[in-house]
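Visitor: could you work out the structure for the sequence below:
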Amino acid sequence: MQIFVLALDGVFDTGLTVMLDALGIANRFAAQQTGGALSFEVTIVGMRKKVRTGHGLAVPVKAVSSTPRPDWVVVPALNTSTPERLVPALARRDVVEARHQLRTWHAQGAHIAASCIGTFLLAEAGLLDGGQATTTWWLGPLFRQRYPKVLLDESRMLVPSGRIVTAGAAMGHLDLALWLVQKASPELAAVVSRYLLADLRSSQAPYIVPHHLAQADPTIERFERWARDHLKEGFSLENAASALATSPRTLQRRCLAVLGKSPLAYFQDLRVERARSLVHGSDLDLEAIAAEVGYVDGSTLGTLLRERLGRGVRELRGDLR
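Guide: Here you go, the predicted model:
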């Protein structure tokens with residue numbers, strides 16, 4: 001399998017190196033297990049002769065023009081983790097050229113993959129329009145605003161859609177690398193995963209901080225403050241909208257536009273976050289925690305925590321020991 005890793009100036013150091021290291025380890029074990037019959041031919045390509053990482057390290061790259069069509073193109077993130085830095089970077093000349101090149105490779109039949117902020121490049125190129133995708137969770141509101149034609153679900157870690165796959169934030173680069181290895185050989189992926197002490201994760205949901213998402217929009221930020229003050233109460237869209245001096249329809253529409261979910265779903269996210277905080281930071285039993293966040297009994301809350309976080313109360317408390 002021939003893989004191009006597209007490194008642009010200011011590439012996220014960890015994203016680039018974890019991808020290269022995971023594929024390199026896969027090649028080493030493949031050579032041992034199959035005598036080299038299965039391998040990943042990895043080439044770092046760039047739009048410029050000289051590329052430096054976000055930390056200023058020089059990256060040796062091959063010019064795109066001198067390479068044949070690959071099987072896969074992987075786009076690591078740029079080291080621009082805030083909207084204030086990301087939006088100008090997307091207008092850079094080398095990034096615009098990279099978008100054109102990605103469209104060319106895709107038209108030629110190549111598969112395209114990106115993780116974290118790298119997903120923004122695919123969206124800018126129009127390659128995600130009409131399909132499903134994920135991205136770095138804290139930039140979900142910006143992604144949703146800029147690319148309304150993309151069906152975004154930032155709670156997922158990996159989203160294959162046609163010949164394109166997107167992965168989540170930061171260490172999602174490792175999940176993406178393991179997914180690529182798994183596509184070639186599930187047995188090899190299992191070995192690499194054990195060697196790296198890493199498993200493929202299906203969800204980013206346990207890592208999402210609702211407050212960070214709320215800061216993307218003044219209305220949502222005010223709704224969050226109201227919601228935190230009313231976690232013990234049953235949720236009422238009418239009461240929430242009245243407190244914000246807006247209509248229920250407007251609040252519903254704003255939540256969907258910014259967060260991709262209803263006000264009730266976001267309210268439940270805040271309840272889960274508060275419950276997890278109490279599980280970690282208090283000696284309250286599950287019934288008392290349920291009462292603090294507005295659930296009638298502990299079993300309902302326990303089921304919800306396991307569904308949302310992949311762990312029950314005992315495991316969550318055990319994480320801190």
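Visitor: please count neighbours and contacts with C-alpha atoms only from this point.
Guide: Fine.
Visitor: could you check how far V293 is from S299?
Guide: According to C-alpha to C-alpha, to the nearest Å, V293 stands 13 Å off from S299.
Visitor: typed the wrong thing, it's Y195
Guide: Counting by C-alpha to C-alpha, the gap from Y195 to S299 is 37 Å.
Visitor: L16 too?
Guide: 43 Å.
Visitor: looking at those two, which is more packed in?
Guide: L16 (23 against 13; other C-alpha atoms under 10 Å).
Visitor: check contacts around that one.
Guide: Shown in contact with L16 (C-alpha atoms under 8 Å, 6 or more residues apart in numbering): A7, P76, A77, H173.
Visitor: swap in 6 Å and give it another go.
Guide: By C-alpha atoms under 6 Å, 6 or more residues apart in numbering, the residues touching L16 are P76.
Visitor: residues in contact with the worst-scoring helix or strand of the chain on mean pLDDT?
Guide: When each helix and strand of the chain is scored by mean pLDDT, DSSP states H and E, helix 313-318 comes last, with a mean of 75. For helix 313-318, the external contacting residues (C-alpha under 6 Å, 6+ apart) are H280.
Visitor: now do the buried residues in that helix.
Guide: Using 16 or more other C-alpha atoms under 10 Å as the test for burial, helix 313-318 gives V313, L316, R317.
Visitor: before we move on, what about stretch 146-166?
Guide: By neighbour count on 16+ other C-alpha under 10 Å, the buried set for stretch 146-166 is 147, 150-159, 164-166.
Visitor: of these, which belong to strands?
Guide: L151, L152, L158, V159, I164, V165, T166 (DSSP state E).
Visitor: ignoring the adjacent residues along the chain, who's closest to L176?
Guide: Excluding the flanking residues, the one nearest L176 by C-alpha to C-alpha, 6 or more residues apart in numbering is A167, at 6.1 Å.
Visitor: and the one you found, how far from G130?
Guide: A167 sits 17 Å away from G130, taking C-alpha to C-alpha as the criterion.
Visitor: likewise Q108?
Guide: Per C-alpha to C-alpha, Q108 is found 20 Å from G130.
Visitor: same thing with F4?
Guide: As judged by C-alpha to C-alpha, F4 and G130 stand 25 Å apart.
Visitor: so between these two, which is more surrounded?
Guide: When neighbours are counted by other C-alpha under 10 Å, F4 comes out ahead of the other of F4 and G130, with 23 against 12.
Visitor: shouldn't N79 be in contact with G54?
Guide: Yes - taking contacts as C-alpha atoms under 6 Å, N79 lies within contact range of G54: 5.4 Å.
Visitor: name the residues contacting each of the two.
Guide: Taking C-alpha under 6 Å, 6+ apart as the contact rule, N79 and G54 both touch G10, V11, F12.
Visitor: among those residues, which are located in strands?
Guide: Short answer: the shared contacts of N79 and G54 have none in strands (DSSP E).
Visitor: which one (most neighbours) among those?
Guide: Busiest of the shared contacts of N79 and G54 [other C-alpha under 10 Å] is V11, holding 26 neighbours.
Visitor: so it sits right up against L78, yeah?
Guide: Yes - counting by C-alpha under 6 Å, V11 sits close enough to L78 to count as a contact (4.3 Å).
Visitor: tell me the spacing between the closest residue to P160 other than its chain neighbours and G10.
Guide: Ranked by C-alpha to C-alpha, 6+ apart and with sequence neighbours excluded, the top spatial neighbour of P160 is T166, at 6.5 Å. For T166, the distance to G10 (C-alpha to C-alpha) stands at 20 Å.
Visitor: related to what we said a few turns ago, include pLDDT and distance to K232 when you put the ones in strands among the buried residues of stretch 146-166 into a markdown table, please.
Guide: Listed next are these as a markdown table, based on pLDDT from 0 to 100; distance: C-alpha to C-alpha, whole Å:
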| residue | pLDDT | distance to K232 |
| --- | --- | --- |
| L151 | 97 | 33 |
| L152 | 97 | 31 |
| L158 | 97 | 34 |
| V159 | 98 | 35 |
| I164 | 98 | 43 |
| V165 | 98 | 40 |
| T166 | 98 | 37 |
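Visitor: between those, which sits nearest N27?
Guide: The closest of these to N27 turns out to be V165 (C-alpha to C-alpha; 21.5 Å).
Visitor: burial count for the nearest residue to the closest one once chain neighbours are set aside?
Guide: In space, and not counting its chain neighbours, V165 is closest to A113: 4.8 Å by C-alpha to C-alpha, 6+ apart. By the criterion of other C-alpha under 10 Å, A113 has 25 neighbours.
Visitor: quick one: contacts for A113?
Guide: Per C-alpha under 6 Å, 6+ apart, neighbours of A113: V74, I164, V165, T166.
Visitor: so which residues of the stretch 51-200 of the chain form helices?
Guide: In the stretch 51-200 of the chain, the segments counted as helices under DSSP state H, counting those that start in this stretch are 83-90, 93-107, 118-124, 140-146, 172-184, 186-195.
Visitor: closest to Q252 out of those helices?
Guide: Proximity to Q252 (C-alpha to C-alpha) singles out helix 140-146 among the helices of the stretch 51-200 of the chain, at 15.0 Å.
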